[in-house]
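[1] With the input below, show me the fold.
(one chain, ligands or ions: 2)
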Amino acid sequence: MSQRKVPELSLLSYVNGSQSDKIKFVDDLTLGLKDYGFIILKDHTIEQAKIDHAYDMVKEFFKLPLETKQKYQGNNGGQRGYTPFKTEHAKNNKNPDLKEFWHVGRELLATSAYKGVYPENVWPSEITQLRQTFMELYEAMDATSIQLLEAIGKGLDLPSDYFTKMVHDGNSIIRMIHYPPTKGEDTKNSVRAAAHEDINLITMLVGATDSGLQLLERDGSWLDVESRPGEIVVDTGDMMARITNNVLPSTTHRVINPGDDGSARFSMPFFVHPHSKALLECIPSCVGAGGRTPDPAITAGDFLTQRLREIGLIK
Ligand SMILES: O=C(O)CCC(=O)C(=O)O
Ligand SMILES: [Fe+2]
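    Numbering: from 1, shown residues only. Ligands and ions are numbered 1, 2, ... in the order given. I've put the predicted structure just below:
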């Protein structure tokens, strides 16, 4: 196991810092994402009480009987509502992951061009506070993601509104995940989350309840990603790799099974997506990077559909 440590960055130093603090943040962020594909964000403004409350709701929801949870399984490729245990699998891996999850998307205004294009949220009537809690958390994560994307854009010489325009009315989702105790499971062939790359631009993970997350280093070794309460783990996804011609590669990661079969794990990634008509095309500063030929342009909506098929969420 490698001894390196994922870099920690203070968002406050970017938002409220001096010009040189801001430049340092952008440089450290760019370097961290190039080198590790992950960074840990401190001093953000998402209140811990909000996160703790959200986890309370998540734990209550997953305790419900399976037939109750299944009422909320939409016909939308798992994009909103409930997805049962052992449904999703990593691309090119036939063994399903040992997890169940729930997706919350953006609540669009009636006037949005994407109303009726993205699936509608579903809310469990059994846990009445879940809706309010998650809409607040969604807004807070969305606002933080825009600050981070703006900083990433600076490192790539992009106009300051490049990502803001791309993610306006974006199809971002919060995924609340329950990894049950692994007792009785085929833990030789199945893991909590097999090695994969995320589909989206960046992912922000707030406060998983247990360790187990690991990233794949460029030398092929696995590195533990440890975070403390109050920190957000951030990584890059396939859409970011695509528009940067792999200057910011998508990071392979996984969640390993616990040593002790009896402990559950909960986590809450926020997958930051563009709006579905955004064109994923190589940005000017990355054309020719590393002598690579960029992938052809594709809309974010088409790319998402393609990837949801590959991981078994759209049949
Ligand atoms: O549970 C975690 O810490 C990570 C989950 C993850 O990588 C995913 O759902 O894409
Ligand atoms: Fe992931």
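[2] Around ligand 1, which positions in this structure sit nearby?
    175, 177, 193, 198, 205, 208, 213, 253, 255, 267, 269 (CB under 6 Å from any ligand atom). (Glycine included, C-beta is placed from N, CA and C.)
[3] Check these for the minimum pLDDT and say which it is.
    Least confident by pLDDT among the residues of the chain next to ligand 1: that is residue 208, with 80.
[4] quick one on the thing from earlier: buried ones among the residues of the chain next to ligand 1?
    Neighbour counting over the residues of the chain next to ligand 1 (16 or more other CB atoms under 10 Å) leaves 175, 177, 193, 198, 205, 208, 213, 253, 255, 267, 269 as the buried ones.
[5] Where does this structure get nearest to ligand 1, residue-wise?
    residue 267 (3.4 Å; CB to the nearest ligand atom).
[6] Skipping adjacent residues, who's closest to that residue in space?
    Spatial nearest neighbour of residue 267, excluding adjacent residues (CB to CB, 6 or more residues apart in numbering): residue 208 at 3.8 Å.
[7] What's the separation between that neighbour and residue 297?
    35 Å (CB to CB, to the nearest Å).
[8] now do residue 263
    45 Å.
[9] and what of residue 27?
    From residue 27 to residue 297 the distance is 29 Å (CB to CB).
[10] Equivalent analysis for residue 215, please.
    Counting by CB to CB, the gap from residue 215 to residue 297 is 28 Å.
[11] Between those two, which has more neighbouring residues?
    Higher neighbour count among residue 215 and residue 297: residue 215, with 22 against 11, using other CB atoms under 10 Å.
[12] So in terms of bridging, what pairs with the nearest residue in space to the more buried one that is not next to it in sequence?
    Nearest residue to residue 215 in three dimensions, chain neighbours excluded: residue 253, at 4.7 Å (CB to CB, 6+ apart). Counting by DSSP bridges, residue 253 is bridged to residue 196, residue 215.
[13] Would you confirm that residue 253 contacts residue 205?
    No: the criterion here is CB atoms under 8 Å, and residue 253 misses it with residue 205 at 9.8 Å.
[14] Can you check which residues contact both of these two?
    213, 235 (CB atoms under 8 Å, 6 or more residues apart in numbering).
[15] what's the next secondary structure element after the longest helix along the chain?
    Ranked by residue count, the top helix of the chain under DSSP state H comes out as helix 130-155. Next in sequence after helix 130-155, counting helices and strands by DSSP states H and E, comes helix 162-167.
[16] From residue 263, how far out is residue 191?
    The value you get for residue 191 to residue 263, if CB to CB is used, is 15 Å.
[17] Ok, residue 145 next?
    30 Å.
[18] Between these two, point out the one with more neighbours.
    residue 145 (25 against 15).
[19] Now that that one has come up, it's in contact with residue 271, right?
    No: counting by CB under 8 Å, residue 271 is not a contact partner of residue 145; they are 9.7 Å apart.
[20] what about residue 220, distance to residue 14?
    Counting by CB to CB, the gap from residue 220 to residue 14 is 32 Å.
[21] Tell me which of the two has more neighbours.
    Using other CB under 10 Å as the criterion, residue 220 and residue 14 rank with residue 14 on top: 23 against 7.
[22] List phi and psi for the more buried one.
    phi -80, psi -40 (degrees, to the nearest 10).
[23] For the closest residue to it other than its chain neighbours, the count of nearby residues, please.
    Spatial nearest neighbour of residue 14, chain neighbours left out: residue 25 (3.9 Å); criterion: CB to CB, 6+ apart. When neighbours are defined as other CB under 10 Å, residue 25 has 22 of them.
[24] next helix or strand past whichever strand or helix holds residue 25?
    When elements are defined using DSSP H and E, residue 25 is found to belong to helix 19-35. For helix 19-35, the following helix or strand on the C-terminal side (DSSP H and E) is strand 38-42.
[25] Kindly calculate the angle that that following strand makes with helix 130-155.
    110 degrees (axes from the mean of the first three to the mean of the last three CA atoms, to 10 degrees).
[26] Show me how far strand 38-42 is from its chain's centre.
    Averaging C-alpha positions (CA atoms, centre = their mean, to the nearest Å) puts strand 38-42 13 Å from its chain's average.
[27] With residue 76 as the reference, measure out to residue 220.
    From residue 220 to residue 76 the distance is 37 Å (CB to CB).
[28] An error on my part: the question was meant for residue 252.
    27 Å.
[29] Buried residues in stretch 134-146, which are they?
    134, 135, 137, 138, 140, 141, 142, 144, 145, 146.
[30] Distance from that stretch to the middle of the chain?
    Centroid separation between stretch 134-146 and its chain, computed with CA atoms, centre = their mean, is 13 Å.
[31] Contacts made by that stretch with the rest, please.
    11, 41, 44-47, 50-51, 54, 57, 104, 106-107, 163-164, 167, 172, 174, 202, 204, 206, 232, 270, 272.
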